[in-house]
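A.B. asks: Below are the sequence and a predicted model; questions follow.
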Amino acid sequence: MGSRCARTAAMLIVSAGMVSVCLFAGEEEKTFDRLFGKEAEQVMRSRDRADSAVFAAKLLAARDSAEEQPAFRALLCEKAYEFGVRIPSGYATALKAMLCLVEMVPERKDDWDEKLLNVYQLQYKGARSADEKARAGAGLLPRLLAQADARVGAWEFAEAVALYRRAIPVDAAVQGGGKQRIQILLRYAETRQRLLRHVDQLRTHLQGKPDDKDAAANLVQLCLVELDNPTEAARYANHLGDDTFKKYVLVAAMKPANLPEKAALELAKWYKDFADGAADLVKPRMLARAKRYYERYLTLHTAEDAAGAAARMALEQVTEELDRLVPPAWVRELVVEALVDGNSEFWVTPKGVFWKSGRVGKPGRHGGANEPTWINGRKWMPKWGKPGQERGFDETKPYPLPVGKLDFKLKLLAVGTKKGCQGIEARDPVSVRTRRGALVVSIPDHDGGSRWYRFRLYRP
């Protein structure tokens, strides 16, 4: 076989419909022309469009006989798509080809998603009955919304607007019940589109009149608050007349992880003030910034003093307001911190969390204390079944959280004598397991004395 490959770029063996191909690297197109070029030309010239569907199916079947040539298999799938989309009877083949390419060539997923969207759109457009339209729409709708969301993430708002508008009638056809949500997303994209036009106008204006401090302040404010982009705002900081404002803008452009303690606290308060006067559309982003900076400050500020207590209270207020404005569809991660003395279990269910205690102290109750459990920076006072007892087997009432799937990984962040401590003191290992439809974090803590444990549950 090797000598024959050296003499020719490909060998075609047709036996019971099987195709075996031997290729030189980089010659996939030439090989396709040798094996299928004439037939492809005939199909393209044929007046019977059904030939395209038959040829597309043949190409997709040939892919299975080229397992050792992944580049050629990918090309066969691309060609199967190109011929399949020419006629409704070939749409199913085109879909299979694209779904194969998503797995085979994941680095080009954006290209394949675009083509998948095209096929579903063709199926939807060509549907002859309400049932057919509903079935086609069920495949089309999530891809329209995913593409639109991706465009928003890339700040391509004009494209996002067009996709959201296409999604509304499809949602109605499949009776998805998402019209209100899609309209909210559409209005957001339209608002962002107009805002970017205004920002571009101000940029152009400053190029001609760099001393216009009012225009500069307006532009910086838009970048900071409306666009939530302090890095972009910092580009125009030198045009500002207010040195204090300029200082905050430049510091906000730094990465939060690089901020010193004082700067983190000042930015937290600054963004919290922005949030207090912000419109509902941008308020959550200002609160999220404030939350991030308060968390940075409290990571650095380990002293148990009035400043730390005030920051923790402010963080709790910001977190509660953020949760009220933007209730998460599901919790992406859980950062839990609690005082533990003896064997304890933190149970996570799709709808919430709760504690189970062992023979000794209940979480938060060691030595007469009544400490809360902190979940994502928010205080939770567990309600035990036997509230009058500090020790012994017991269970709390659930703390409701939209957890959803329990596909979390565990990372131990800190173990020490004080809340907010850094480092991991040597204790019994913390583990995680699944049990009775729940995820259980087990903290044995058989060593003497209680300790503050901080751990993170996250989706990889």
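C.D. replies: On my side now, so go ahead. Numbers count the residues shown, from 1 in each chain.
A.B. asks: wait, what's in contact with the residue nearest the centre of the chain?
C.D. replies: Against the mean C-alpha coordinate of the chain, by Cα atoms, centre = their mean, the closest residue is Arg332 at 8.8 Å. Arg332 makes contact with 458-459 under the criterion Cβ atoms under 8 Å, 6 or more residues apart in numbering. From N, CA and C alone the C-beta is placed, and that goes for glycine too.
A.B. asks: Which phi and psi values does it adopt?
C.D. replies: phi -80, psi -30 (degrees, to the nearest 10).
A.B. asks: Model confidence for it, exactly?
C.D. replies: Note on Arg332: pLDDT of 78.
A.B. asks: how close does it get to Lys255?
C.D. replies: Separation of Arg332 from Lys255 (Cβ to Cβ, to the nearest Å): 21 Å.
A.B. asks: Please apply the same query to Asp242.
C.D. replies: Distance, Asp242 to Lys255, using Cβ to Cβ: 24 Å.
A.B. asks: Between these two, which is the more surrounded one?
C.D. replies: Neighbour count, other Cβ atoms under 10 Å: between Asp242 and Lys255, Asp242 has more, with 13 against 8.
A.B. asks: for the residue nearest to that one when sequence neighbours are not counted, helix, strand, or coil?
C.D. replies: Spatial nearest neighbour of Asp242, chain neighbours left out: Ala217 (7.3 Å); criterion: Cβ to Cβ, 6 or more residues apart in numbering. Secondary structure for Ala217, judged by DSSP: H, G, I helix; E, B strand; the rest coil, is helix.
A.B. asks: Same check on Gln42?
C.D. replies: Per three-state DSSP, Gln42 ends up helix.
A.B. asks: Phi, psi for the spatially closest residue to it that is not a sequence neighbour please.
C.D. replies: Nearest residue to Gln42, sequence neighbours excluded (Cβ to Cβ, 6+ apart): Asp51, at 7.8 Å. Torsion angles at Asp51 (phi, psi; degrees, to the nearest 10) stand at phi -60, psi -30.
A.B. asks: Look up how far Phe36 lies from Asp51.
C.D. replies: Computed with Cβ to Cβ, the distance linking Asp51 and Phe36 is 13 Å.
A.B. asks: what's the answer for Ala234, then?
C.D. replies: 56 Å.
A.B. asks: can you give me the helices for the stretch 1-150 of the chain?
C.D. replies: Under the criterion DSSP state H, counting those that start in this stretch, helices of the stretch 1-150 of the chain are mapped to 2-7, 28-45, 50-63, 70-84, 91-104, 109-126, 130-153.
A.B. asks: Let's have the ones you listed in TSV, adding distance to Arg378.
C.D. replies: Formatted as TSV, the helices of the stretch 1-150 of the chain follow (distance: least, Cβ to Cβ, whole Å):
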stretch	distance to Arg378
helix 2-7	65
helix 28-45	55
helix 50-63	52
helix 70-84	48
helix 91-104	39
helix 109-126	36
helix 130-153	27
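A.B. asks: domain parsing for this protein?
C.D. replies: As given by automatic domain parsing, the domain ranges for the chain are 25-175, 254-327, 333-458.
A.B. asks: Make JSON lines out of those domains and add distance to Arg187.
C.D. replies: As requested, the domains of the chain are exported to JSON lines (distance: least, Cβ to Cβ, whole Å):
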{"stretch": "domain 25-175", "distance to Arg187": "9"}
{"stretch": "domain 254-327", "distance to Arg187": "9"}
{"stretch": "domain 333-458", "distance to Arg187": "24"}
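A.B. asks: what's the span of stretch 338-358, first residue to last?
C.D. replies: Terminal residues of stretch 338-358 are spaced 15 Å apart (Cα to Cα, to the nearest Å).
A.B. asks: related to what we said a few turns ago, next up, the contacts around the residue nearest to Asp242.
C.D. replies: Residues near Ala217 by Cβ under 8 Å, 6+ apart: 240-242, 245.
A.B. asks: so Lys115 touches Leu95, yeah?
C.D. replies: No - the pair Lys115 / Leu95 is not scored as a contact, 9.4 Å apart, by Cβ atoms under 8 Å.
A.B. asks: returning to that earlier point: could I get the helices of the stretch 1-150 of the chain in JSON lines, plus columns for distance to Gly416, mean neighbour count and mean pLDDT?
C.D. replies: Shown next, in JSON lines, are the helices of the stretch 1-150 of the chain (distance: least, Cβ to Cβ, whole Å; neighbours: other Cβ atoms under 10 Å; pLDDT from 0 to 100):
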{"stretch": "helix 2-7", "distance to Gly416": "65", "mean neighbour count": "9", "mean pLDDT": "38"}
{"stretch": "helix 28-45", "distance to Gly416": "59", "mean neighbour count": "16", "mean pLDDT": "89"}
{"stretch": "helix 50-63", "distance to Gly416": "57", "mean neighbour count": "21", "mean pLDDT": "90"}
{"stretch": "helix 70-84", "distance to Gly416": "51", "mean neighbour count": "22", "mean pLDDT": "90"}
{"stretch": "helix 91-104", "distance to Gly416": "46", "mean neighbour count": "20", "mean pLDDT": "88"}
{"stretch": "helix 109-126", "distance to Gly416": "43", "mean neighbour count": "18", "mean pLDDT": "86"}
{"stretch": "helix 130-153", "distance to Gly416": "38", "mean neighbour count": "18", "mean pLDDT": "86"}
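A.B. asks: Minimum distance to Lys379: which of those helices has it?
C.D. replies: With Cβ to Cβ as the measure, helix 130-153 is the member of the helices of the stretch 1-150 of the chain nearest Lys379 (32.5 Å).
A.B. asks: Next secondary structure after the closest one?
C.D. replies: helix 157-174 (DSSP states H and E).
A.B. asks: Can you give the distance of that following helix from its chain's centre?
C.D. replies: Using Cα atoms, centre = their mean, to the nearest Å, the distance from the centre of helix 157-174 to the centre of the chain it belongs to is 21 Å.
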